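Participant: sequence below, structure please.
(chains A and B)
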There are 2 protein chains.
Amino acid sequence: MAMRNIKLTISYDGLNYSGWQNQPGKNTIQGMLQQALGELTGTFIKINGASRTDAGVSALGQVANFLINSPIPAKNFVKALNDRLPRDIVVTGSVEVDKDFEASSSAKCKLYRYTIFTGKNPNVLKTRNCWHWPGSLDIAAMETAAKMLLGKKDFKSFAAAADKRESSVRTMMRCDVIQEDKWVYIDTEADRFLYNMVRNIVGTLVEVGRGKWKPEKMNEILEAKDRTAAGPIAPAAGLCLMWIKY
Amino acid sequence: MAMRNIKLTISYDGLNYSGWQNQPGKNTIQGMLQQALGELTGTFIKINGASRTDAGVSALGQVANFLINSPIPAKNFVKALNDRLPRDIVVTGSVEVDKDFEASSSAKCKLYRYTIFTGKNPNVLKTRNCWHWPGSLDIAAMETAAKMLLGKKDFKSFAAAADKRESSVRTMMRCDVIQEDKWVYIDTEADRFLYNMVRNIVGTLVEVGRGKWKPEKMNEILEAKDRTAAGPIAPAAGLCLMWIKY
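Facilitator: This is a model prediction of the structure:
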């Protein structure tokens, strides 16, 4: 029979893993999924993820696809894989898609949410996947700075030095700073993201929020096109890939 | 100088630990705290916990005390210990108490909350510390059964077979079944608890909630004074020690 293309939607708590991408001797999300699929089918099948989330980064809507020569109904992969996965990786959807669908290159836009907890005392059961920042943040100033990132811009100042892709121009459709009680959420939606881009943006917004920089500094940082112009990188634990649109 | 008695309030995510009580070669909460206190003071000091929570059980309000011969102000232990503890164990309070205070025997009552998630799909970031029960539960029936446990009763049917204490009579002041959206919380407050008592009560209430048993069965179970009369034990992950009163 012909090869079928299966699209998975996956959620995971990233804190116990060395990121999405398979690495020898490391505990990775891709590795765990490929192992589960291998146990299920008896063959090695590569699973291609849409986003190579870093060590400690979580996801509620990661997407991946794989090619398989099997009559298993697509929706059956949800339970079959979850039965073979640890509790902190959960497949939430599985559908058959066109042959030309590729989780990474077919993506139109993604939303990452970054979570900051500003309360004094962390709650061990609720503040696991966040950045604990026990102090006040000027949300209005952060929101002003965040809006300067909207549109088609060169985000080179927010790209990890290791990033080797040719262009650092991306289109950001959303950069909201939302406060709810002691929680601050930074929602960023863009067509694609540079390596470490969200965490570098969040680290910079917190410099604005704590009053070290004026919001207008964000424009200077964009113009500098230099990683050293921006703020420090925010911790991985606060980052979560919420969804990907195709 | 004279020995001082320090009372700590401690929170922890129990999922990564083999319970409160120190055991050779195991990762325990008591062990981590004693190690942190040892690093801080340069001497071994035993920390006495109020409740020996099991492997996988969490706490937001565990209490412990220790004797120390040092002029360190009591409140300073909060930061000093947290700086030496992993992220999932957090000391939230530290005060000096009378010489005769003992975290375990001085306790007047405790509240344990058990959390059940009834949604179909678990959320890896929110359903970590709970029992995932993807089905409907008759909350009114559970509440009726729960109320039969109130007062001074012999809870022998809910004690682990391994429990060797003489009397299994306890006074339960509260046993509430609370539903919020897809979450069900079972709050139990008693003077003391038998080993595995809350998890055995929860397992029994779920048998009532899913319609296997009528609520009135709870009285029969109490009268049987036999562990095999009650329902199965509920998973450790859903249990949390909320507070202890003195």
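
Participant: how confident was the prediction at the residue nearest to A:Thr118 when sequence neighbours are not counted?
Facilitator: Leaving out its chain neighbours, the residue that sits closest to A:Thr118 by CB to CB, 6 or more residues apart in numbering or on different chains is A:Lys182, at 5.0 Å. (Glycine included, C-beta is placed from N, CA and C.) Looking at A:Lys182, its pLDDT reads 95.

Participant: ok, A:Lys182 - contacts?
Facilitator: A:Phe117, A:Thr118, A:Gly119 (CB atoms under 8 Å, 6 or more residues apart in numbering or on different chains).

Participant: not counting residues beside it along the chain, what's closest to the last one?
Facilitator: In space, not counting the residues next to it along the chain, A:Gly119 is nearest to A:Lys182; the distance is 3.9 Å by CB to CB, 6+ apart.

Participant: phi and psi next, for the one you found.
Facilitator: Torsion angles at A:Lys182 (phi, psi; degrees, to the nearest 10) stand at phi -90, psi 10.

Participant: also A:Thr144?
Facilitator: According to degrees, to the nearest 10, A:Thr144 has phi -60, psi -50.

Participant: against A:Ile10, how distant is it?
Facilitator: 35 Å (CB to CB, to the nearest Å).

Participant: more neighbours: the two, which one.
Facilitator: A:Ile10 (27 against 16; other CB atoms under 10 Å in any protein chain shown).

Participant: what's the local residue count around the nearest residue to the more buried one once chain neighbours are set aside?
Facilitator: Sequence neighbours aside, A:Gln62 is the residue nearest to A:Ile10 in space, at 4.5 Å (criterion: CB to CB, 6+ apart). Counted with other CB under 10 Å, residues neighbouring A:Gln62 total 32.

Participant: contact partners for A:Gln62?
Facilitator: Taking CB under 8 Å, 6+ apart as the test, what A:Gln62 contacts is A:Thr9, A:Ile10, A:Ser11, A:Tyr12, A:Trp20, A:Ile29, A:Gly49, A:Ala50, A:Ser51, A:Thr53, A:Leu241, A:Ile244.

Participant: considering those, which possesses the most neighbours?
Facilitator: A:Ile29 (30 neighbours).

Participant: looking at it, that one is touching A:Asn16, isn't it?
Facilitator: No - taking contacts as CB atoms under 8 Å, A:Ile29 lies outside contact range of A:Asn16: 9.9 Å.

Participant: flag every residue of chain A that's near chain B.
Facilitator: Counting by CB under 8 Å from any CB of the partner chain, the residues of chain A close to chain B are A:11-13, A:58, A:60, A:87-90, A:92, A:121-125, A:128-129, A:240.

Participant: the same query, at a cut-off of 7 Å, please.
Facilitator: A:11-13, A:58, A:60, A:88, A:90, A:92, A:121-125, A:128-129, A:240 (CB under 7 Å from any CB of the partner chain).

Participant: these in strands, which ones?
Facilitator: Per DSSP state E, strands hold the following members of the residues of chain A next to chain B: A:Ser11, A:Tyr12, A:Ser58, A:Leu60, A:Val90, A:Thr92, A:Cys240.

Participant: make JSON lines from the residues you listed and add pLDDT to it.
Facilitator: Listed next are these as JSON lines, based on pLDDT from 0 to 100:
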{"residue": "A:Ser11", "pLDDT": "97"}
{"residue": "A:Tyr12", "pLDDT": "98"}
{"residue": "A:Ser58", "pLDDT": "98"}
{"residue": "A:Leu60", "pLDDT": "97"}
{"residue": "A:Val90", "pLDDT": "95"}
{"residue": "A:Thr92", "pLDDT": "95"}
{"residue": "A:Cys240", "pLDDT": "98"}
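
Participant: any chance of the residues you listed in TSV with distance to A:Ser70 as columns?
Facilitator: What follows is these, written out as TSV (distance: CB to CB, whole Å):
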residue	distance to A:Ser70
A:Ser11	24
A:Tyr12	24
A:Ser58	30
A:Leu60	28
A:Val90	22
A:Thr92	21
A:Cys240	32
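
Participant: state the distance from A:Trp213 to B:Lys110.
Facilitator: 48 Å.

Participant: comparing those two, which residue is more hemmed in?
Facilitator: Using other CB under 10 Å as the criterion, A:Trp213 and B:Lys110 rank with B:Lys110 on top: 22 against 19.

Participant: ramachandran coordinates for the closest residue to A:Gly49 other than its chain neighbours?
Facilitator: In this structure, A:Gly49 finds its nearest non-sequential neighbour in A:Ala64, 4.5 Å apart by CB to CB, 6+ apart. Per-residue torsions, A:Ala64: phi -150, psi 160 (degrees, to the nearest 10).

Participant: quick check: A:Ala64 touching A:Asn48?
Facilitator: Yes - in terms of CB atoms under 7 Å, A:Ala64 counts as a neighbour of A:Asn48; the distance is 5.9 Å.

Participant: just how off-centre is stretch A:39-57 within its chain?
Facilitator: Remark: stretch A:39-57 is offset 15 Å from the chain centroid, using CA atoms, centre = their mean, to the nearest Å.
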